[in-house]
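Asker: I'll drop the sequence and a predicted model, then ask my questions.
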Amino acid sequence: MIVEIGHYALVLALAAALILAILPVIGARRGDAAMMALATTGTLATFWLVALSFAALTWAYVVSDFSVRNVWENSHSLMPLIYKYSGVWGNHEGSMMLWLLILVFFSALVAVFGRNLPDSLKANVLAVQAWITAAFLLFILLTSNPFLRLDPAPAEGQDLNPVLQDFGLAVHPPLLYLGYVGFSVCFSFAVAALIEGRIDAAWARWVRPWTLGAWTFLTAGIAMGSYWAYYELGWGGWWFWDPVENASFMPWLAGTALLHSALVMEKREALKIWTVLLAIMTFSLSLLGTFLVRSGVLTSVHAFATDPTRGIFILCILAIFIGGAFILFAWRAPMLKAGGLFAPISREGALVLNNLILTVATATVLIGTLYPLILETLTGEKISVGAPFFNMTFGLLMLPLLVAVPFGPLLAWKRGDLLGALQRLYLFAALALVAGLVFYYVQNGGPVMAIFGLALGFWGMFGAVADLWYRGNFSKVGLVVGFRRLAGLPRSVFGTAIAHFGLGVTVLGIFSATLFGTETVVEMKPRATVDAGGYSLTFDGMREAVGPNFTEERGHFTVSRGGVAIADVWSSKRLYTARRMPTTEAGIQTFGLSQLYVSLGDPMEGGGIVVRIWWKPFILCIWGGALIMMAGGFVSLSDRRLRVGAPSRKAKTVKATLEAAE
Amino acid sequence: MFLWIILALLTAAVAAVLIMPFSRRGMAAPSSHAGEVEVYRDQLKELERDRAQGLIDAQQAEYARAEIGRRLLAAASEDGAASSEAPKQRSHALVAAIVTVIPPIVGLCLYLTLGNPNLPDQPLEARLANPGNNIALLVAKAERHLAQNPNDGAGWDLLAPIYFRTMRLGDAEMAYRNAIRLLGASSERLAGLGETLIATNDGIVTEDARSVFEEAVKLDPKNPRSRFYVGLGFEQAGRTVEARAAFEAIAKESPPEAPWMQLVNQHIAKNGGTVAPNPDTDTGGVPALGNPTQEDMAAAGAMTQSDRQAMIRGMVDSLAARLKEDPNNLEGWVRLVRSYSVLGEKEKAEEALKSGLKQFPSSGELVALANEIGLAVEGSTPNGVTQ
């Protein structure tokens, strides 16, 4: 009965979403307060209905109700409890439910926290959210219904895909979806602004927390997914330029651009039309990512099921929302008033450069992802676009951006002084170069480019420190007053500095792990020893072990340095009994920020086994940097105050040509 | 009935929430630009704070104040223009009707087509507590017991033949081996293990399987079943003399009317021995059920459409016939139901489904297949419908 209540709640949510999709828009048009207020109460009702439905599905998983087909297909009564919970979204139907739940959750947040919004804007935003909600509800109910039943019920389920039986599944999808779906709010704001035909600095102020929140979660979600793939799949890599990864990376790039352009719009009311376009693009890329992953166009661990009707349905959703939004944009955008003016060298100019590079980078990734698919559809030829393409294009694009990052926060709004910024930064640039050299010397033995790459990482980190240093004016006023000045700064300044610092840390980790890492593939017999990264690994043999729903063969390795044993590493090959599916569990030993990664291959004749050993120096910086970026996002999100771009004090002497923003 | 009451309450609650905004009276619409004005005032305050703390100098602040002031003025003046229209009192009868009627209509129409209101929840714990005579549930219950007490040999011993009969060969092998490890070898267990190994290898008596049977013979020299498989192993390995000796030994010690004599005699003949006459012979090999052989496939390639149809039909019929003789083959039933539905014979498919389900009650594969191709599953919910 609980399951059926959940099913009915989902159907009822569709009815509510349909009402919400239409009436508030009419209300906003006619200035009808009651019809606009309907958007708020209705959104909350929809949220509770979907939450009820999701809870019912979760309940079915937890009690192993195999009369629910979705539970039978993806669960097993002997699975540990945490995987019964996370298994809810470890399959196509359930993950769409999670997507929907987060979507209505964001709608509900807008309904509750949007009290300061003008009524008509709020009503329109919530109505656009309701369109998306209704579309996904229809998709779930008609093509991916998790509440379909089996009668009579089987006695045991078919188990969750073993690769997904991991803590990562409990964290990665919710974070990623919080990011993906969070951008739907920005999209709805943009479409609502286009419907109203009016947009200004206040709009950017209202959108900002949503962009920031979505971006923060997406950062965490991507980093988490990357780390999960790194330790679970046993390939020893952390990013593969796999289409599914790219699908989540593209909204991140566009979202990063949006974050920065919204800043310009809020402070100077410039870049209005561009910001609206970016907001639409970002969520479109989220939808495209969903389509690529869910339609079965791509085969990967994410594509739980392939069903052509689903693909066509998602394609329709995609066409309606993206196409519709762009048509609306083409029609309405020319009516929007252009905003403030600024010189090419200014904070705004730097942010435009940021946007330019990020947008081109997004386009690069998009082409690299879609081109093989399109080529295969048109000619049947299969090609794979991998790391070389992305390193050449995306990598080269990122270099100037990374160089420019520390300059942005130091330039003044409206008219900046590049020379002044350069003068203030040369000390830090020199420091970064020295740090890169020292790092290179200590690690010793990479190509010449390495110094540049490492320096780039340190440059990002020191640049962030420099930003705070000059804002505190430490060099003139001394430490005490400097810190007092820092304490008076708005949190968003710290958020910027922290996030930029995190970017530097990630860049450092990427260069270090790529340039100084080693990979060894050897056949090892018991008592054999291999050296990696200054440590030696001794293989002690294999042992059998039994888990709750798997059996495994574990290889034991002793890690020693200078003849002294300092750590044990277990690396294993598992066989999940219900699905008869083997997986590898890599053995990972962490030393500071570096890791030793051991993965077992096939056994050879004569008692040996193929072992792959990677030494990954400073690899944790990659994800640590992402975590720091996330922390920056949260710090900035906690800043409720607003700052205003003030023109430079040299305004009278500099006769810079002012350019219209758009 | 209880379910319907809850669904009705849920619907009513949603309709009530949606109707709420229309029942309030005289709600004055606040001016649409109040929010913006608020934001700009906030920005001005912020500017003032910055100036007071010395974060920006007076001149910068002046410029910024002028810019914000312009935005503030623009917002405030639009506000004045907008608020000159008096808010009209509107009637919401039509809207209220829509809001009240849509949830129950959409809800009921969709739910009645998609939902299963008569199917109760079936949490596994509750079903295991009261399994009735549902074999699958009894097996699941035994499995749970064994997961916690993996050293209960009697449990494995009980489960092993059931696994074998339901074609869960991997599990059967594991169960037999556990039973043998915990309770010691007996000729019954060894023979069961041997048969499992043979079934796993599509009827081939592997080296492994033969040594298992040989051990069984050692424990119980009179057991014709084990001795037969030892002989079959020799036969398949091409060791005709040993094979014939084994079969002849069985024949000598068995009463002539024993049910296995016919099969034994066939094998004696096959290995070049002479048999007491018994002419009605049957097939002896153990090919995988219903699978086309290599030659069949090659022939199918060179056939016309109608010939091919006939051959497929022939294969399906032979599969059906074999399943009638040996119904303990889940894979076979699934394949048969699917074949009939592909051939468009819905009644036969239903019949096959029913027979399959009789043999394998609540097999998820069969039920899922039935739901997929739109067949009704009879005799649903063994415990009876409670609503």
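Answerer: Okay, I see it.

Asker: alpha carbons of stretch A:535-551, as CSV, please.
Answerer: Only the C-alpha atoms of stretch A:535-551 are listed here, as CSV (Å, rounded to 0.1, in the frame of the first residue of the first chain):
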residue,chain,number,x,y,z
TYR,A,535,59.2,2.9,-2.0
SER,A,536,59.6,-0.8,-2.6
LEU,A,537,56.7,-3.1,-2.7
THR,A,538,56.9,-6.8,-1.8
PHE,A,539,54.2,-9.2,-2.9
ASP,A,540,53.4,-11.6,-0.1
GLY,A,541,50.8,-13.7,-1.9
MET,A,542,47.1,-14.1,-2.4
ARG,A,543,44.4,-15.0,0.2
GLU,A,544,40.8,-15.8,-0.1
ALA,A,545,38.1,-13.8,1.7
VAL,A,546,34.3,-13.7,1.8
GLY,A,547,32.2,-10.5,2.0
PRO,A,548,28.5,-10.2,2.6
ASN,A,549,27.6,-10.6,-1.1
PHE,A,550,30.9,-11.3,-2.7
THR,A,551,34.0,-13.5,-2.5
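
Asker: now find how far off-centre it is within its chain.
Answerer: 34 Å (C-alpha atoms, centre = their mean, to the nearest Å).

Asker: quick one: mean pLDDT over it.
Answerer: Averaged across stretch A:535-551, the pLDDT comes to 79.

Asker: what do you get for stretch A:575-591?
Answerer: 76.

Asker: residue B:331 against residue B:167, yeah?
Answerer: Yes: in this structure, residue B:331 is within contact of residue B:167 by C-beta atoms under 8 Å, at 6.3 Å. (Glycine included, C-beta is placed from N, CA and C.)

Asker: these two: who's more crowded?
Answerer: Between residue B:331 and residue B:167, counting by other C-beta atoms under 10 Å in any protein chain shown, residue B:167 is the more crowded of the two (16 against 12).

Asker: just to be sure, the more buried one is in a helix?
Answerer: No: if the criterion is DSSP: H, G, I helix; E, B strand; the rest coil, then residue B:167 is coil and not within a helix.

Asker: ok, it to residue B:259 distance?
Answerer: Distance, residue B:167 to residue B:259, using C-beta to C-beta, to the nearest Å: 24 Å.

Asker: by mean pLDDT, point me to the weakest helix or strand of the chain.
Answerer: In the absence of a named chain, this looks at chain A. Lowest mean confidence among the helices and strands of chain A (mean pLDDT, DSSP states H and E): strand A:659-660, at a mean of 38.

Asker: um, chain B though
Answerer: Sorted by mean pLDDT, DSSP H and E, the helices and strands of chain B bottom out at helix B:294-301, which shows a mean of 52.

Asker: following the chain past that one, name the next helix or strand.
Answerer: Using DSSP states H and E, the next helix or strand after helix B:294-301 towards the C-terminus is helix B:305-325.

Asker: buried ones in that following helix?
Answerer: Residues B:311, B:315, B:316, B:319, B:320, B:322, B:323 are the ones in helix B:305-325 that count as buried (16 or more other C-beta atoms under 10 Å in any protein chain shown).

Asker: average pLDDT across it?
Answerer: Per-residue pLDDT values across helix B:305-325 average out to 73.

Asker: per-residue confidence for whatever residue of the stretch 401-550 of chain A ends up closest to chain B?
Answerer: Evaluated by C-beta to the nearest C-beta, the stretch 401-550 of chain A has residue A:488 as its residue closest to chain B, separated by 4.7 Å. With respect to pLDDT, residue A:488 has a value of 70.

Asker: hmm, back to that, could you redo the buried residues of helix B:305-325 as a markdown table and give each row distance to residue A:572?
Answerer: Below are the buried residues of helix B:305-325 laid out as a markdown table (distance: C-beta to C-beta, whole Å):
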| residue | distance to residue A:572 |
| --- | --- |
| B:311 | 48 |
| B:315 | 44 |
| B:316 | 45 |
| B:319 | 42 |
| B:320 | 46 |
| B:322 | 42 |
| B:323 | 41 |
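
Asker: so what pLDDT did residue 236 get?
Answerer: Answering for chain A, as no chain was given. 68.

Asker: sorry, I should have been clearer: chain B.
Answerer: With respect to pLDDT, residue B:236 has a value of 82.

Asker: if I look at it, how far off is residue B:243?
Answerer: Noted for residue B:236: a distance of 9 Å to residue B:243, by C-beta to C-beta.

Asker: now residue B:5
Answerer: 73 Å.

Asker: of these two, who's got more company?
Answerer: residue B:243 (24 against 9).

Asker: list the buried ones in the helix or strand harbouring that one?
Answerer: Per DSSP H and E: residue B:243 is located in helix B:240-253. Neighbour counts over helix B:240-253 (16+ other C-beta under 10 Å) mark B:243, B:244, B:246, B:247, B:248, B:249, B:250, B:251 as buried.

Asker: nearest to chain A among those residues?
Answerer: Set against chain A, the nearest of those by C-beta to the nearest C-beta is residue B:243 (32.8 Å).

Asker: contact partners of the helix holding residue B:243?
Answerer: B:222, B:224, B:227-228, B:230-232, B:234-235, B:260-261, B:264-265, B:267-268, B:271-273, B:275 (C-beta atoms under 8 Å, 6 or more residues apart in numbering or on different chains).

Asker: got the confidence number for the residue in the stretch 151-300 of chain B that chain A sits nearest to?
Answerer: When scored by C-beta to the nearest C-beta, the stretch 151-300 of chain B has residue B:170 as its residue closest to chain A, at 7.0 Å. Note for residue B:170: predicted pLDDT of 81.

Asker: strands of chain A, residue ranges please.
Answerer: A:341-342, A:518-524, A:529-532, A:535-546, A:550-561, A:564-576, A:581-585, A:587-591, A:594-603, A:609-616, A:659-660 (DSSP state E).

Asker: and the fifth one, what does it pack against?
Answerer: Read it as strand A:550-561. strand A:535-546, strand A:564-576, strand A:587-591, strand A:594-603 (3 or more C-beta pairs under 8 Å, 6 or more residues apart in numbering or on different chains; DSSP states H and E).
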